[in-house]
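S.K.: give the three-dimensional model of this entry:
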Amino acid sequence: MGVVSKLRAALVMSDDADASRSNLVCGQTQQWMSENVEWSSEGAKLDGVSSKMWLENVEFANLQQGLTWLVRLKREIGDAPILESYDCTAWSGFGAAFWDGASRGLFGVRIASSYSSYQTALETNFFDANSSVEVGLTSASVSSRTFFSNGGFVPPEKGTVIGSYTASVIPNCTSLRLGFQRGDSRMLNGTVQAVAVMNDSMTEAEIRSFFGLVR
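M.R.: Residues are numbered from 1 along each chain as shown. Predicted coordinates for the structure are as follows:
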């Protein structure tokens, strides 16, 4: 019940495009939209050039209340967005982002009236492109973030905080992009197998439990 009750969006992808785009969360009827995505038994193949997926009108909690984003995928290492929120109140419509970094490990940002970002050491994000990896970002508040990689949380000493926060404005966001950022040529090149979005922070055990369900 714990993991399921926190879900706001989830999808497990296959060669059935219609089923793969469906939000599996009970009561959430939105479908993921896609453009130039190839569907296979391994998941949704994003080509790193023109492939896009996005989800609109999701009932997110205020970002101040926490979030968790989890993704299971195979990918070529490179600077590219994994997930990003948009259609947000305040701060030019941008709320939070979770990136894959070629030279900086995993990278996350949450916006208030200023911004703060956190990146992990490169060795926490080095994976074989032919292997499925399970990565995630969980955050209890706008000023905190913990990354999940290689089956567990990334230790604090393997991360660096950059920037600072002024928490006077917390955006509400209703939509998500997967694998791209508007106006940015850096795009995700890989095969996405499962995605989950929660409106709360999660423990390491809860995150492992989710990934165990979608393998």
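
S.K.: tally of neighbours for the closest residue to S139 other than its chain neighbours?
M.R.: Excluding the flanking residues, the one nearest S139 by Cβ to Cβ, 6 or more residues apart in numbering is R145, at 4.5 Å. All C-beta spots, glycine's among them, are computed from the backbone N, C-alpha and C. R145 is flanked by 24 other residues according to other Cβ atoms under 10 Å.

S.K.: report the central residue of the chain.
M.R.: By Cα atoms, centre = their mean, the mean C-alpha position of the chain lies nearest to L83, the distance being 3.7 Å.

S.K.: what residues are up against it?
M.R.: Neighbouring residues of L83 by Cβ atoms under 8 Å, 6 or more residues apart in numbering: W69, V71, A97, F98, L176, R177, L178, V195, V197.

S.K.: where's it, which helix or strand?
M.R.: If you go by DSSP states H and E, L83 is part of strand 80-88.

S.K.: what's downstream of that strand, the next helix or strand?
M.R.: Downstream of strand 80-88, the first helix or strand assigned by DSSP H and E is strand 96-101.

S.K.: restricting to C-alpha, output that next one in PDB.
M.R.: Output of strand 96-101 as PDB, limited to C-alpha atoms (Å, rounded to 0.1, in the frame of the first residue of the first chain):
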ATOM      1  CA  ALA A  96      12.200  20.400 -11.200                       C
ATOM      2  CA  ALA A  97      14.600  18.300 -13.300                       C
ATOM      3  CA  PHE A  98      16.500  15.000 -13.200                       C
ATOM      4  CA  TRP A  99      19.400  14.700 -15.700                       C
ATOM      5  CA  ASP A 100      21.900  12.100 -16.800                       C
ATOM      6  CA  GLY A 101      25.400  13.700 -16.900                       C
END
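
S.K.: show me where the chain has its helices.
M.R.: When assigned using DSSP state H, the helices of the chain occupy the ranges 2-6, 17-21, 204-214.

S.K.: S185: which of the ones you listed is closest?
M.R.: Across the helices of the chain, S185 has its closest neighbour in helix 17-21 (24.8 Å, Cβ to Cβ).

S.K.: buried sites along the closest one?
M.R.: Under the neighbour-count criterion of 16 or more other Cβ atoms under 10 Å, helix 17-21 has S20, R21 buried.
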